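Trainee: quick one, structure for this:
(2 chains)
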There are 2 protein chains.
Amino acid sequence: MEPYALTATEALSRIESGFLSATAWVESCLERIRLRDPEVRAWESVNQDVLDEVDARWRKDGRPSIPVGVKDIIDVRGQPTMMGTDFHDPGPKTRDGGSVAIMREAGCALIGKTVTTELGHLHPGPTRNPRNLGHTPGGSSSGSAAAVADQMVPLCLGTQTSGSVIRPASYCGVIGYKPTFNDFDKTGILANAPSIDTLGMFARSVDDIGLMRGILLEEPYQGIDEINLSDLRIGVLRSPPWETAETEVLDLVENFARDITDQGSQVVDLRLDREISRLLELHRLISGYEFRRSIAFERFHQFDRLSTVLREGRLADGQELDSRGYQNALQELTGLRSNLARAFQEVDVIATPSAASPAPRTLAATGSAAFNSAWSLAGNPVISLPLFNSRESGLPIGCQFIVGFAKDNLLLAASKEIMAAFEIT
Amino acid sequence: MEPYALTATEALSRIESGFLSATAWVESCLERIRLRDPEVRAWESVNQDVLDEVDARWRKDGRPSIPVGVKDIIDVRGQPTMMGTDFHDPGPKTRDGGSVAIMREAGCALIGKTVTTELGHLHPGPTRNPRNLGHTPGGSSSGSAAAVADQMVPLCLGTQTSGSVIRPASYCGVIGYKPTFNDFDKTGILANAPSIDTLGMFARSVDDIGLMRGILLEEPYQGIDEINLSDLRIGVLRSPPWETAETEVLDLVENFARDITDQGSQVVDLRLDREISRLLELHRLISGYEFRRSIAFERFHQFDRLSTVLREGRLADGQELDSRGYQNALQELTGLRSNLARAFQEVDVIATPSAASPAPRTLAATGSAAFNSAWSLAGNPVISLPLFNSRESGLPIGCQFIVGFAKDNLLLAASKEIMAAFEIT
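Mentor: A predicted model of the protein is given here:
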């Protein structure tokens, strides 16, 4: 197995045992990028000095560096932040975002910036789905999902305001994780809707997610908690937009529910129709209102260079509320979060599709976040696990798992067991 | 009266009537800055092109520009953001913060950047209190408060995480206002504690506050609502840290309570001891935790150049919580906000000192935020009105008014009536 194909946890273990050098690992990733990126186009820019930095650190302290890609709406010192546009400052940033500074200090090798859709919204960049180059990788964290799926790097940072981590993870067949709202620092990241925006990540193993979570929290990482599937109460959420998903997707989730019952989990039906439907509407209104202000500079000075989908979508939505309506919407959200907290007294984990379908066959759009937006606004931790493949196209299909506020350790523990029991390899 | 001494509302009215030109107004402000700033040192930098911009707009469209100063932790295109340090990028920013873009589009003349304390925390910049140059102007929005107090500009933007708007407003004898949390966009502003940081402003009249609030919300401004003092239920909050204030300050607030009763308001005693004391402790923990991450870049790369008060104060506080404790603290805050909402069913407005004393006689510190931090965390709208003067020193003393969430219009309406009834001119 080539080093680039290893998860971070595997590579670090081999380095620890002396079977792999830190430099060779990163070199292998960079070679994989050189080989594959002309087709996949996951990278906006690659840091040409990174191998020297990794090598110097390795020779000086004997400490390895974890190669990581960073979505190009997040500031990394020494590299520009283009935000998926061609009109932003191409000069290098002088200050790392908070989470980037923390990663760098912990010894991550900041390989480069991954392609984002326009301003983290819907209009696609050049990235293709590495599982089938004619299909979208999803967005907005398009390059991050594709780079991890194509084994260019084991881990990438992404962000989610609607479905920008969970959806591309599902389409590309990797793990996508967004933590409890506020868990990871967001300074130095282009704001879309600050009340919703969440820094998340992509990886090919749950252990790698846990490893990077520990780094970003600056807390010692003790490994993923152990848990038995038979201790889990899993609520299968069939509320809207359930019925909009493709039949194959629904069948796969139903099969999963049956199979995990066989593994000993208690599976219950869950309906949150009113909550989900209000969350979806509030998400549209709040994210529109906030986005309109966050990108006020571009709205006033670059309006004609923005995509139609942005101008007529979220920017138009942003005009529906006035400031009073906006504060009322935030107030209503507080109430909905209490209702959801009550639902999580009856189940430990919610399971529902990550997306309505496998990656659509287009490069002109990035798919729909309908299965994700409610949970982005709710702020609960969410993970997409690459459990299924389409019988028709062979493309990956993810299953989305959601837990109660601040129960991220439970989510990762359950995910690890589920992956072990169900992963298609 | 020189144009620089006018409030924005007064100047716009004179311009409208043809008694003043838009150019002459801004020219007068710039001349005032040239004359006074060598002593007061409110400005980090002044935009040398601003008069040409104002003149061009005036000649082209006949539209006046409101001269405004911007705290130097807020990005303004074409000017550096130094954040009260000597080690940040002195190159010009290429993107306005959201609220700055909105102000610029509405025709504000961005006069320059006002002095901030180090990274918006406690360590002072060079600004002096214009009412007595041997006294602190307060902080962290030191230059903004001083510039408005010294009639250099009618309006300045500031930010508050602890008491960075209300305290300097009180010390300098101007109006300081922070709106309901989330009311004004914060993109392009150095984050201190994102769950608390609030963009606010300084002015010399309540009308000017209303005018700029309308601009920042992009809503048509209809003027301040009319209200009768006799319709107001005012709760005088004598909870801790009440007893830490100087006797003169407490006497002045008690006198105010008596006098406003004579004006017909219903005045009631209010105690929120448990809530205030928990809010103060949670403020210390949450702001410390978030600040530590927001300035991770400086923490890792410039630690030795940071002040002792920052390193041993908020950065040290930030180590007390782990991520679980932090999420628990945010959860507890939600409950406290509900309790406060119930208190506002019994009173319309809370009155309490803005600060424990007039501006301390020092330039080496910026005073205490003990009277402000609880309300910063709670997120309620707050205003400081320059109602009093010290009999001993002649220095101004502010009175702080607080209303329920999203009741900003009520706060401004009450403030206007209170200023009319009590202002010392």
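
Trainee: please make it C-alpha for all contacts and neighbour counts, starting now.
Mentor: Will do.

Trainee: return the nearest residue of the stretch 101-250 of chain A with respect to chain B.
Mentor: Closest contact between the stretch 101-250 of chain A and chain B, by Cα to the nearest Cα, is at A:Ala101 (5.2 Å).

Trainee: can you get me a residue count around that residue?
Mentor: If you count neighbours by other Cα atoms under 10 Å in any protein chain shown, A:Ala101 ends up with 27.

Trainee: quick check, it in contact with B:Arg299.
Mentor: No: with contact defined as Cα atoms under 8 Å, A:Ala101 does not count as touching B:Arg299 (9.1 Å).

Trainee: show me which residues of the stretch 1-150 of chain A are close to chain B?
Mentor: Within reach of chain B by Cα under 8 Å from any Cα of the partner chain, the stretch 1-150 of chain A has these residues: A:Asp89, A:Thr94, A:Arg95, A:Asp96, A:Gly97, A:Gly98, A:Ser99, A:Ala101, A:Ile102, A:Glu105.

Trainee: so the last one sits against B:Arg299, correct?
Mentor: So that's A:Glu105. No: judged on Cα under 8 Å, A:Glu105 makes no contact with B:Arg299 at a distance of 10.3 Å.

Trainee: more neighbours: which of the two?
Mentor: B:Arg299 (19 against 16).

Trainee: the residue of the stretch 101-250 of chain A closest to chain B should be in a helix, yeah?
Mentor: Yes: with DSSP: H, G, I helix; E, B strand; the rest coil as the criterion, A:Ala101 is located in a helix.

Trainee: excluding sequence neighbours, find me the nearest residue to it.
Mentor: B:Phe297 (5.2 Å; Cα to Cα, 6 or more residues apart in numbering or on different chains).

Trainee: so which strand or helix has A:Glu248?
Mentor: Using DSSP states H and E, A:Glu248 falls within helix A:247-262.

Trainee: can you check A:Ile234 too?
Mentor: strand A:233-237.

Trainee: that strand vs helix A:247-262, what angle?
Mentor: 160 degrees (axes from the mean of the first three to the mean of the last three Cα atoms, to 10 degrees).

Trainee: list the contacts for the residue nearest in space to the middle of chain A?
Mentor: Centroid-nearest residue in chain A: A:Val165, 2.5 Å away (criterion: Cα atoms, centre = their mean). By Cα atoms under 8 Å, 6 or more residues apart in numbering or on different chains, the residues touching A:Val165 are A:Gly139, A:Ser140, A:Ser141, A:Ala145, A:Gly158, A:Thr159, A:Gly176, A:Tyr177, A:Lys178, A:Gly200, A:Met201, A:Phe202.

Trainee: ok, now A:Leu315?
Mentor: Taking Cα under 8 Å, 6+ apart as the test, what A:Leu315 contacts is A:Gly288, A:Tyr289, A:Phe291, A:Arg292.

Trainee: now do the SS call for it.
Mentor: helix.

Trainee: any idea how far it lies from chain B?
Mentor: A:Leu315 sits 14 Å away from chain B, going by Cα to the nearest Cα, to the nearest Å.

Trainee: for that residue, give its distance to A:Arg299.
Mentor: A:Leu315 is 9 Å from A:Arg299, where distance means Cα to Cα, to the nearest Å.

Trainee: quickly list what's touching both of the two.
Mentor: When contacts are counted by Cα under 8 Å, 6+ apart, A:Leu315 and A:Arg299 have A:Arg292 as shared neighbours.

Trainee: contacts only, for A:Gly112.
Mentor: A:Trp43, A:Glu44, A:Ser45, A:Val46, A:Asn47, A:Val68, A:Gly69, A:Val70.

Trainee: so A:Gly78 touches A:Gly97, yeah?
Mentor: No: if you go by Cα under 8 Å, A:Gly78 and A:Gly97 don't touch, sitting 11.8 Å apart.
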